[in-house]
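[1] mind folding the following:
(chains A and B)
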Amino acid sequence: MAEASLIWPKNYNEVPKAAFTRKDLYGEEIKRIFHGPEWHPIAHESELPNPGDFKTVRLAGIPLLISRDEAGAVRVFYNACSHRSNQLETAVMGNKTEFECPYHRWLFNAKGDLVGCPNPREFLPGFDKADYPLGQPRFELFYGLIFVTFSAETEPLDQFLGEAGQTLRELMAGDGRLKLLGYQKVRYDSNWKGYNDNDGYHAPLLHAAFKMLNWQGGKGRQYTATKRGHVCFESALSVASGPSVLKDKDLIAFKGQDPSVGSRIVQLFPTFVSTKHLDVINLRFATPVDAETTEVHYAYFAHQDDDADMLRHRLRQSSNLLGPCGLISMEDASIFHRIHIGSHTPGNATFQKGVRDPRRLESEFSQNDESGNLPRWEYYRSVMGFERAEV
Amino acid sequence: MMLSPTKLECALDRLLLADANALDSKDMTGWLTNYAEEEQASYYCRAAENTEHNLELGFMFDDCRARLEDRVTYVTEIWAGTFQDYRTRHFVQRVSHRQVDASTAEAMSNFSVFMTPMDTGVTQILAAGRYLDMVRLSGDGRAKFLSRRAELDTSVLPRYLVYPI
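    The predicted structure is shown next:
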């Protein structure tokens, strides 16, 4: 089959709308990006704090099982029996030290070893259980954040993250010692790029809440890291001042110990978004479901050292502030849908704010610039092999 | 004084239907009036999956009267004009209840909520689940929510939520 092609505009600040809507690009994206040499965060190890805890997810269709063994080691497996590839575990979360496939009763331990299977004497001569552990993708941990890649070519995780690693570490409370508060899971009617291109920072104009709460955005820095154009924001903490329309002011209060850490956003190519805002620590695990649907699991965290009051505060703030029903971000979700609908029109989407020269890519931006997305688009174009127009 | 079984059922169902009617009419002030005027009046909306794993985080976590009042402000003032609006239809059915004491009852009800986005006009299911209600009974036989927990079987919502479920 011929590879999908798309002529890309000459200017770096223009993106063909067809990139969001052409269904024939999707299969190629799965192959080159999601099954290609990229790292994908799928969980934080604090989601499975105890021996035997596990979590299952699907990433671009691939079923994965993340488990912690009796000794405390975290591993990632393909969630499929090594025999006939029956989906091994159906629960989303749980605690098990053994996983049994109900189809032919093959039994695996939390290390992925095949420890039992009935009637092996009837199997192929020379059958050895040691040859049939659960399959595993490559995985690495970064301050507890678990990444997988399905390619042997992907560079080590620290190179993939580059400078973004430092911001990501700060976002995860500096040490990654997190405690899970829970999930908000949604599907958006949006291509994965429409989600990722718009789930960054754009508070001042879209979010009426900021204005109504007399909430000025903090001064800060936006930069992109590595050739992939991971987008990172570091800004001083800003707290709403003046009269508020809210009766419960704790929703927008900061009770943390270290205001210098402020707000952080890290967006990693291709779909991961994470944010620390006030006392909310939020990791958004996203996956394309099909060309027009993106599923996002918003996971919220406290810190392991939080006392009961802080834990309660984070729970109350996390549930209502950000995410698909959050005071300051519900309308984001609507934008993802509307961008996807609007992109079914001819021409290019153009980026304006912060673009100084449409023929040049930069890596440092002002906090509210939309041009921070452009290095990521250039990387996408190059990975997909799309040529730029001559004029 | 304990209510007669018929009066109790009648009071609980009137409240159940009044809430569905307020939500489907986008009458947030009416929604608020279904809650007891007590400091601890609360509304929670969260995936049952979270609850089953002892995770308290929800889609909405309004654990006091002030937050219920803020919820009205979110919808009617802060978010006005920023989202694709949608109609909802709540179908509710009480499945069990008991009177706890003279002024309190608890009830469990199933719900399913249809959603019709105004722009597409295509109806789909927004969520299914059950309400776990703690209800304040007044002397005249009227009922208000002291606490309502919408526990969603739908752990992955088809979109964002503007209105409570």
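[2] what does chain B have sitting close to chain A?
    Residues of chain B that fall close to chain A, judged by CB under 8 Å from any CB of the partner chain: B:45-47, B:49-50, B:53, B:55-64, B:66-67, B:69-70, B:73-74, B:77-80, B:82-84, B:119, B:155-162. C-betas here are computed from N, CA, C, even on glycine.
[3] now do 6 Å
    When proximity is defined by CB under 6 Å from any CB of the partner chain, chain B lies next to chain A at B:50, B:53, B:55-61, B:66-67, B:69-70, B:73-74, B:78, B:82-84, B:155-158, B:160-161.
[4] need the contact partners of the strand or helix carrying residue A:66.
    Using DSSP states H and E, residue A:66 falls within strand A:62-68. If you take CB atoms under 6 Å, 6 or more residues apart in numbering or on different chains as the criterion, strand A:62-68 is touched by A:43, A:48, A:51, A:53-57, A:74-77, A:79, A:87, A:89, A:110.
[5] apply 8 Å and report the result again.
    With contacts defined as CB atoms under 8 Å, 6 or more residues apart in numbering or on different chains, strand A:62-68 is touched by A:35, A:42-43, A:45, A:48-58, A:74-80, A:87-89, A:96, A:99, A:110, A:134, A:137, A:146, A:148, A:150.
[6] buried subset of those residues?
    Buried members of the contacts of strand A:62-68, counted by 16 or more other CB atoms under 10 Å in any protein chain shown: A:35, A:42-43, A:45, A:48, A:53-57, A:74-80, A:88-89, A:99, A:110, A:134, A:137, A:146, A:148, A:150.
[7] looking at those residues, which are in helices?
    Members of those lying in helices (criterion: DSSP state H): none.
[8] count of neighbours near residue 112?
    Just going to use chain A. 20 (other CB atoms under 10 Å in any protein chain shown).
[9] right idea, wrong chain: chain B
    16.
[10] now the helices for the chain?
    Went with chain A since none was named. Using DSSP H, helices in chain A cover A:18-21, A:23-29, A:157-161, A:164-171, A:192-198, A:203-206, A:208-212, A:308-321, A:330-342, A:374-384.
[11] ah, no, chain B please
    For chain B, applying DSSP H gives helices covering B:5-24, B:28-33, B:48-52, B:65-73.
[12] can you list the ones you listed in a markdown table and add mean neighbour count, mean pLDDT and distance to residue B:97?
    Converted to a markdown table, these look like this (neighbours: other CB atoms under 10 Å in any protein chain shown; pLDDT from 0 to 100; distance: least, CB to CB, whole Å):
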| stretch | mean neighbour count | mean pLDDT | distance to residue B:97 |
| --- | --- | --- | --- |
| helix B:5-24 | 17 | 97 | 6 |
| helix B:28-33 | 16 | 98 | 21 |
| helix B:48-52 | 18 | 98 | 20 |
| helix B:65-73 | 19 | 97 | 22 |
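[13] can you add distance to residue A:228 and give those back as CSV?
    Converted to CSV, the helices of chain B look like this (distance: least, CB to CB, whole Å):
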stretch, distance to residue A:228
helix B:5-24, 44
helix B:28-33, 44
helix B:48-52, 33
helix B:65-73, 40
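[14] specify the stretch among the ones you listed that is closest to residue A:114.
    For residue A:114, the closest of the helices of chain B is helix B:48-52, at 29.9 Å, according to CB to CB.
[15] and that closest one, what does it pack onto?
    For helix B:48-52, the elements it packs on are strand A:178-188, strand B:143-152, judged by 3 or more CB pairs under 8 Å, 6 or more residues apart in numbering or on different chains; DSSP states H and E.
[16] what's the closest of these to residue A:383?
    It is, among these and with distance given as CB to CB, strand A:178-188, at 22.8 Å.
[17] which of the residues in the closest one are buried?
    Within strand A:178-188, the residues that count as buried by 16+ other CB under 10 Å are A:178, A:179, A:180, A:181, A:182, A:183, A:184, A:185, A:186, A:188.
[18] surely the first one touches residue A:171?
    No - at 10.5 Å, residue A:178 does not count as touching residue A:171 under the criterion of CB atoms under 8 Å.
[19] using the record's assignment, carve chain A into domains.
    Domain segmentation of chain A under automatic domain parsing yields A:14-37+A:163-384, A:41-142.
[20] least reliable of the ones you listed by average pLDDT, please.
    The minimum mean pLDDT among these belongs to domain A:14-37+A:163-384 (a mean of 90).
[21] any residue of that domain up close to chain B?
    Yes - using CB under 8 Å from any CB, domain A:14-37+A:163-384 comes into contact with chain B via A:180-189, A:206, A:208-209, A:212, A:245-248, A:251, A:295, A:300, A:315-316, A:318-320, A:323-325, A:327, A:330-331, A:333-334, A:337-338, A:341.
[22] quick one: contacts for the closest residue in space to residue A:193 that isn't next to it in sequence?
    Nearest residue to residue A:193, sequence neighbours excluded (CB to CB, 6 or more residues apart in numbering or on different chains): residue A:20, at 5.9 Å. By CB under 8 Å, 6+ apart, the contact list for residue A:20 reads A:191, A:193, A:194, A:339, A:340, A:343.
[23] out of the domains of chain A, deepest packed?
    Mean neighbour counts were compared across those using mean count of other CB atoms under 10 Å in any protein chain shown; the top stretch is domain A:14-37+A:163-384, at a mean of 19.
[24] fine by me, we can end here.
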